[in-house]
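Enquirer: prediction below, plus the sequence it came from.
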Amino acid sequence: MRVLCVAVVGMTLSVAGCGVSILDLSGPGPAPNSPTRAHVDELLGRVETVASRPYPGGYQRGCSGKELCVFGPAWTDDQDAAGGHDGCDTRNNVLAIDLRSVAFRQGTHDCVVLSGVLADPYSGDVLSFDRGDARDVHIDHVYPLAAAWDMGASTWPRKQRIRFANDIVFNLLAVNGSDNQDKGDQTPADWLPPNPAYHCFYAGKYLTVAVEYGLPVTQADRKALADVARRC
């Protein structure tokens, strides 16, 4: 994964050629565009809390053979969240939104992303994306699918689960692959972005998804998120 040196003016990234963290450009404290403490506290006041994460069983993300495909085919365009039925799969929709300096494959009607620049919301690094080595950039479900299944999505209609898995407005972010693999299906009590400057951003995003879909947090999650809020 190649890291790029950039200058940031407003929301514009100017690529130059060496490694730099966004925080080197923005100074200490919460990253730019992070929610305030009051906003995170307001979201905490709206989300339900459960004692611990239940494990009802039955979660199968895969869709081959006899797998249950409980959240539908990965990145399907056949869904009713924003970007659905637009002729472009969800992964490319997210890349087109989250990357800057995007180049699209000719003839795909600005769908298939070939390259771009990611201001990573977990590490703070500015990364290059190349479709030829696409594993370096993942699309993360902020509220993980397996956690959502355990915390209530197992009772949802399948159509709602497919919407959740492809919601480019609330639940999906382009992030660096290494941190996404480290996160797995962990919730905030066990995982926060490795760069503390992005904790407020992540807390606000996670809680917004929870409120939007009526998903709870555990008592341990609430404590972790409240601790984050105090530093926002």
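Expert: Done, it's in. Numbering: from 1, shown residues only.
Enquirer: output the longest helix belonging to the protein.
Expert: Longest helix of the chain, by residue count under DSSP state H: helix 199-213.
Enquirer: for that one, list every residue counted as buried.
Expert: Of the residues in helix 199-213, those buried under the neighbour-count criterion (16 or more other Cβ atoms under 10 Å) are 199-211, 213. Yep, even glycine has a C-beta here, placed from its N, CA and C like the rest.
Enquirer: which residue packs closest to residue 91, ignoring adjacent ones?
Expert: The shortest distance from residue 91 to any residue that is not its chain neighbour, by Cβ to Cβ, 6 or more residues apart in numbering, is 4.4 Å, and that residue is residue 75.
Enquirer: ok, that neighbour to residue 177 distance?
Expert: Using Cβ to Cβ, to the nearest Å, one obtains 16 Å as the distance from residue 75 to residue 177.
Enquirer: please apply the same query to residue 231.
Expert: Following Cβ to Cβ, the distance that separates residue 231 from residue 177 is 27 Å.
Enquirer: got a list of contacts for whichever helix or strand comes after the longest helix of the chain?
Expert: In the C-terminal direction, the helix or strand that comes right after helix 199-213 (DSSP states H and E) is strand 217-218. The list of residues contacting strand 217-218 from outside it, by Cβ atoms under 8 Å, 6 or more residues apart in numbering, reads 47-53, 187-189, 207, 210, 225.
Enquirer: which residues does the residue nearest to residue 91 contact?
Expert: Counting by Cβ under 8 Å, 6+ apart, residue 75 makes contact with 89, 90, 91, 92, 139, 166.
Enquirer: in contact with the most centrally placed residue in the chain, which residues?
Expert: Centre of the chain computed as the mean C-alpha position; nearest residue by Cα atoms, centre = their mean is residue 173, 3.1 Å away. Applying Cβ under 8 Å, 6+ apart, we find residue 173 in contact with 94, 98, 121, 139, 140, 142, 205.
Enquirer: let's go with 7 Å and repeat that
Expert: When the contact criterion is Cβ atoms under 7 Å, 6 or more residues apart in numbering, the partners of residue 173 are 98, 121, 140, 142.
Enquirer: for the protein, which segments count as helices?
Expert: Listed in chain order, the helices of the chain (DSSP H) span 22-26, 37-46, 90-98, 145-150, 158-165, 177-183, 199-213, 219-229.
Enquirer: pick the most deeply packed of the ones you listed.
Expert: helix 199-213 (a mean of 23; mean count of other Cβ atoms under 10 Å).
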